[in-house]
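*Asks:* 3D model of this:
(chains A, B, C and D)
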2 protein chains.
Amino acid sequence: MPIKEADLERIRELPFLKAAGEDTFRRLIQGAFLQRFPASTTLLTEGDSVDFLYILLGGSVELSGTWNDKETILALLGPLSTFILAAVVLDAQALMSAATRDRSDILMISGETLRREMREDAGFGFAVSQELAGCYRGLVRSIKSQKLRGGIERLANYLITQQVRQGDVETITLPHEKRVLASLLGMTPENLSRAFANLADYGVVVNGPLVTISRPVVLSRLAKPDALIDNHAPDAMRGRGKAMFEAWPNQPQQMTV
Amino acid sequence: MPIKEADLERIRELPFLKAAGEDTFRRLIQGAFLQRFPASTTLLTEGDSVDFLYILLGGSVELSGTWNDKETILALLGPLSTFILAAVVLDAQALMSAATRDRSDILMISGETLRREMREDAGFGFAVSQELAGCYRGLVRSIKSQKLRGGIERLANYLITQQVRQGDVETITLPHEKRVLASLLGMTPENLSRAFANLADYGVVVNGPLVTISRPVVLSRLAKPDALIDNHAPDAMRGRGKAMFEAWPNQPQQMTV
DNA sequence: CGGCGAATTGACGGACGTCAACTGCTGTGG
DNA sequence: CCACAGCAGTTGACGTCCGTCAATTCGCCG
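*Replies:* Residues are numbered from 1 along each chain as shown, chains lettered A, B, ... in the order given. Take a look at the predicted model:
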């Protein structure tokens, strides 16, 4: 699929490409592919060597890890996310698998070109560092959530985060299947179900993918959301306008726990 | 404390400073402090804004996070580790606290200078990206370990990792108090004790800080170590000689789960 | 209409956290 | 030199959280 002019402009606005010089940008795009993948397509399996940096322009992607026949979802990505950047920078094997969830448009930039341009264009290299630093901090938040909170608390905070991102509505829409959410939160689907049932006491009403938070203050007293764990305004957003926060459809980036 | 010539040479060998140009290096060192801290000194509390990049030259440092009056250790660092680099790159507040465990020599580099030099010296910027990418991948391994394995399995793999790092000896020395290890592995001291007791069936004999692995094959069949989780040869080591792996005393870098 | 998968619910067992008591070591002070 | 306090570590009892297995319901799509 050829890269359209309109796409080029969108890509150019990515924070870590905006910092690149005009020549750098052109060379990066030169050997890049823009490809449309169907839903549930494996893009990369953990252990694979990584030849491209992936940039999700449309659709959604899931990052997962496995061990001993068990699998866990590490992150869910929405449009304008980059992924497996760290493996590309180090030219190392992937530590996570990546698969599309919906039909997705993905830009693939040559890893070798990326590394070469980073060594040439300091502004670009710095922007990549910032992107990586944002990813790193997302994982720190994840680990803290995972190690310090119980399942119900993780769910409660997830709901509050979603509420903020969806514009402080009373009724939020779960953006993924519950079994996917369960894996992201580090529990089984059965336990997620029970966690939702427990939250009924705190004014949480579940109706399919619709979740109504009728007593936000009560829920918040349980959840104890924390600026140093909960990504209400992700690092990755730094440097762009607030536009992405205002409305739902264009929101995501990274949806870690 | 003034920076000694001998220290300068050691510092210059750090992988992410080795890539810096001579001028860059001089400017980074210009406004830097080398400071000796006693044991159990708080260097930084989560939420603090971060003015310096820290480089541990001697001693040991613990990185921790808290929520709701609970605390967990996120990493234990040995000599020649950098820490809170991500916060410095983004000029953001720290997500973890840092404290010395032993008396420690720490080099502090101005964050503002670091960012400025990254924007000027592309080679240096790239090296910082590599450092960050290595840290990121360390956390990915941690999360996978945390979400996919049970406590006993995490301990078993920790022991195997230590065995490799200590030169494949039969009897390893735990480098930290057991309650510290417990927190790092995401469990309580009591449960760590029981986990050790369980591992007796797999040929693990505990004697204070000395742990003998009498049947490595049996233990390994339980632990199922995985190159994509267990950091037997950390990313951060890329680019330096193998010297650090050969012997115990000079080993560490990062000791994540 | 039938079948498949997601979601829920119940029953059960195992893993894990909490509380308490006890041991052993170490450093301190009489 | 010994008594004692203090802390790390261990062990036991208990309760809760969580994963597993099974059965059921529901909605969606062929």
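*Asks:* hmm, the longest helix seen in chain A touching DNA strand D?
*Replies:* Criterion DSSP state H: the longest helix present in chain A is helix A:122-148. No - figure legend: helix A:122-148 not in contact with DNA strand D (C-beta under 7 Å from any atom of the strand); closest approach 10.3 Å. In short, each C-beta sits where N, CA and C put it, glycine included.
*Asks:* Strands along the stretch 1-150 of chain A, start to end?
*Replies:* A:33-37, A:42-44, A:52-58, A:61-67, A:70-77, A:81-83, A:97-100, A:104-110 (DSSP state E, counting those that start in this stretch).
*Asks:* burial of whichever residue of the stretch 101-250 of chain A sits closest to chain B, as a residue count?
*Replies:* For the stretch 101-250 of chain A, the residue closest to chain B is A:G125, as judged by C-beta to the nearest C-beta, at 3.5 Å. Counted with other C-beta atoms under 10 Å in any protein chain shown, residues neighbouring A:G125 total 30.
*Asks:* which residues sit in contact with the closest residue to it other than its chain neighbours?
*Replies:* Nearest non-adjacent residue to A:G125, counting by C-beta to C-beta, 6 or more residues apart in numbering or on different chains: B:G125, 3.5 Å away. B:G125 is in contact with A:M118, A:A122, A:G125, A:F126, A:S129, B:M118, B:R119, counting by C-beta atoms under 8 Å, 6 or more residues apart in numbering or on different chains.
*Asks:* rerun that using 10 Å as the cut-off
*Replies:* A:118-119, A:121-129, B:16, B:19-20, B:24, B:89, B:115, B:117-119 (C-beta atoms under 10 Å, 6 or more residues apart in numbering or on different chains).
*Asks:* From A:V180, how far out is it?
*Replies:* As judged by C-beta to C-beta, to the nearest Å, B:G125 and A:V180 stand 37 Å apart.
*Asks:* For chain B, tell me whether the helix or strand harbouring A:A195 is touching it.
*Replies:* Element membership for A:A195 (DSSP states H and E) is helix A:189-199. No - applying C-beta under 10 Å from any C-beta of the partner chain, one finds helix A:189-199 out of contact with chain B, separated by at least 13.5 Å.
*Asks:* Tell me the secondary structure of the residue in chain A sticking out farthest from the centre, please.
*Replies:* Here chain A reaches farthest from its C-alpha mean at A:D201, the gap being 30.4 Å by C-alpha atoms, centre = their mean. Secondary structure state of A:D201, per DSSP: H, G, I helix; E, B strand; the rest coil, is helix.
*Asks:* so it touches A:V218, yeah?
*Replies:* Yes - between A:D201 and A:V218 there is a contact under C-beta atoms under 10 Å: 8.6 Å.
*Asks:* can you list the domain ranges for chain A.
*Replies:* Listed by automatic domain parsing, the domain ranges of chain A are A:5-145, A:150-227.
*Asks:* Of those, flag the one that's most buried.
*Replies:* domain A:5-145 (a mean of 20; mean count of other C-beta atoms under 10 Å in any protein chain shown).
*Asks:* so how far is that domain from its chain's centroid?
*Replies:* 11 Å (C-alpha atoms, centre = their mean, to the nearest Å).
*Asks:* Give me the nearest residue to A:E131, chain neighbours excluded.
*Replies:* Nearest residue to A:E131, sequence neighbours excluded (C-beta to C-beta, 6+ apart): A:F16, at 4.3 Å.
*Asks:* list the contacts for the one you found?
*Replies:* A:53, A:55, A:82, A:85, A:124-132, A:134, A:236, A:239.
*Asks:* quick check, nearest of the residues you listed to A:T171?
*Replies:* A:A236 (26.8 Å; C-beta to C-beta).
*Asks:* right, and A:V88 touches A:G111 too?
*Replies:* Yes - the criterion here is C-beta under 10 Å, and A:V88 meets it with A:G111 at 4.3 Å.
*Asks:* Need the overlap of contacts for these two.
*Replies:* With C-beta under 10 Å, 6+ apart as the test, A:V88 and A:G111 both reach A:V50, A:D51, A:F52, A:L53.
*Asks:* Max pairwise distance over those residues: which two?
*Replies:* A:D51 and A:L53 (9.2 Å).
*Asks:* what touches both of these two?
*Replies:* In contact with both A:D51 and A:L53: A:V88, A:M108, A:S110, A:G111, using C-beta under 10 Å, 6+ apart.
*Asks:* thinking the last one is in contact with A:D91, fair?
*Replies:* Right, A:G111. Yes - between A:G111 and A:D91 there is a contact under C-beta under 10 Å: 6.7 Å.
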